[in-house]
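>>> here are the coordinates; sequence isn't available:
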């Protein structure tokens, strides 16, 4: 996904959203996160 220039979107339940989580070298950040309660943009 590093080569992709399109926005990266994630989907989660609101209870799964945390301020900080440990990251692994294979993780890619998302620019938009959609939950059942809100849309979060970075």
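It's in. Quick caveat, the model's predicted, so the values are computed rather than measured.
>>> got the phi/psi numbers for residue 14?
Main-chain dihedrals, residue 14, degrees, to the nearest 10: phi -60, psi -30.
>>> from residue 33, how far out is it?
Using CB to CB, to the nearest Å, residue 14 is found at 10 Å from residue 33. Using the backbone N, CA and C atoms, a C-beta is placed for each residue, glycine as well.
>>> which one's more surrounded, these two?
residue 33 (19 against 11; other CB atoms under 10 Å).
>>> touching, residue 34 and residue 10? I think so.
Yes. The pair residue 34 / residue 10 is scored as a contact, 7.2 Å apart, by CB atoms under 8 Å.
>>> show me where this structure has strands.
Along the chain, the segments classed as strands by DSSP state E run 9-11, 32-34, 39-41.
>>> which one, of those, ends up nearest to residue 26?
strand 9-11 (14.8 Å; CB to CB).
>>> so what's the gap between the closest one and the chain middle?
Relative to its chain's centre, strand 9-11 lies at 5 Å (CA atoms, centre = their mean, to the nearest Å).
>>> give me the mean pLDDT for that strand.
For strand 9-11, mean pLDDT rounds to 97.
>>> what's the answer for stretch 28-36, then?
95.
>>> off-centre distance for that stretch?
Counting by CA atoms, centre = their mean, stretch 28-36 comes out at 3 Å from the chain centroid.
>>> could you do stretch 34-42 as well?
How far stretch 34-42 lies from its chain's middle: 9 Å, per CA atoms, centre = their mean.
>>> give the contact list for residue 37.
residue 14 (CB atoms under 8 Å, 6 or more residues apart in numbering).
>>> what's the nearest residue to the residue nearest the centre of the chain if we skip its chain neighbours?
With distances taken as CA atoms, centre = their mean, residue 30 lies nearest the centre of the chain, 3.7 Å away. Nearest non-adjacent residue to residue 30, counting by CB to CB, 6 or more residues apart in numbering: residue 10, 3.9 Å away.
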